[in-house]
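Any chance you could fold what I've pasted below:
(2 chains)
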Amino acid sequence: DGGITQSPKYLFRKEGQNVTLSCEQNLNHDAMYWYRQDPGQGLRLIYYSQIVNDFQKGDIAEGYSVSREKKESFPLTVTSAQKNPTAFYLCASRDSLSNQPQHFGDGTRLSIL
Amino acid sequence: GEDVEQSLFLSVREGDSSVINCTYTDSSSTYLYWYKQEPGAGLQLLTYIFSNMDMKQDQRLTVLLNKKDKHLSLRIADTQTGDSAIYFCAASLRHSTLTFGKGTMLLVSP
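Now for the predicted structure:
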């Protein structure tokens, strides 16, 4: 089945550690996005990529890094510089060439031990 | 930048219609969306409307857009308990980056 897979579903991090969240899609979408969701809040854009080997900062990029080495993969690293990393992280993708809307994965919940 | 506002909570009885409202600030937004989020899950795209349309209907869902007032609504007919979820309104230019509201929690009671 085609879709967007985020793994793991739950992730725990010790303070001071970097952690990487996986996002893979087999929809042949060119654009991919990372959002952060906090309780009672809407989604806020962290980073996005419209083409392989290129990405742009969103509204809250500080303390995060990404890479886009392959079209189907857009991993997000939460670095130790992110002081409040506990949140629900959502990955999305879309086919920008045919002007389609974004579709989302099932999310990863990150907690600090 | 764009700002999207929506009411935080709506409670209805099963079988009634639900209307969730949303306002946005940027008149250049070309697409407006409704997404549904169930507990612990990602967002499911319900429907979207292009800014040159006034209304879009898809089975039990009706979207109304008042571009002059920058007001969007989602009507769910014959609301069921399975419709209980958080509903997000979002706006974008050309489907690119989305600006989300904080979500409306819909509670449907039997």
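
What residue in chain B comes nearest to chain A?
B:F100 (3.5 Å; C-beta to the nearest C-beta). Glycine gets a C-beta too; all of them are placed from N, C-alpha and C.

Okay, that residue and B:L10: tell me how far apart.
To B:L10, B:F100 is 17 Å away according to C-beta to C-beta, to the nearest Å.

Mind checking which of these two has more residues around it?
The residue with more neighbours, out of B:F100 and B:L10, is B:F100; 23 against 18, by other C-beta atoms under 10 Å in any protein chain shown.

need the contact list for the residue nearest to the more buried one when sequence neighbours are not counted.
Excluding the flanking residues, the one nearest B:F100 by C-beta to C-beta, 6 or more residues apart in numbering or on different chains is A:G42, at 3.5 Å. Shown in contact with A:G42 (C-beta atoms under 8 Å, 6 or more residues apart in numbering or on different chains): B:4, B:88, B:100-103.

how about a markdown table for those, with secondary structure and pLDDT added?
Below are the contacts of A:G42 laid out as a markdown table (DSSP: H, G, I helix; E, B strand; the rest coil; pLDDT from 0 to 100):
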| residue | secondary structure | pLDDT |
| --- | --- | --- |
| B:V4 | strand | 95 |
| B:F88 | strand | 97 |
| B:F100 | strand | 94 |
| B:G101 | coil | 95 |
| B:K102 | coil | 95 |
| B:G103 | coil | 96 |
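
so how many other residues sit close to the closest residue to B:F9 other than its chain neighbours?
Using C-beta to C-beta, 6+ apart and skipping the chain neighbours, the partner closest in space to B:F9 is B:M105 (5.1 Å). Number of residues near B:M105 (other C-beta under 10 Å) recorded here: 16.

Is B:M105 bridged to anything, and to what?
Beta bridges link B:M105 to B:F9, B:I86, judged by DSSP bridges.
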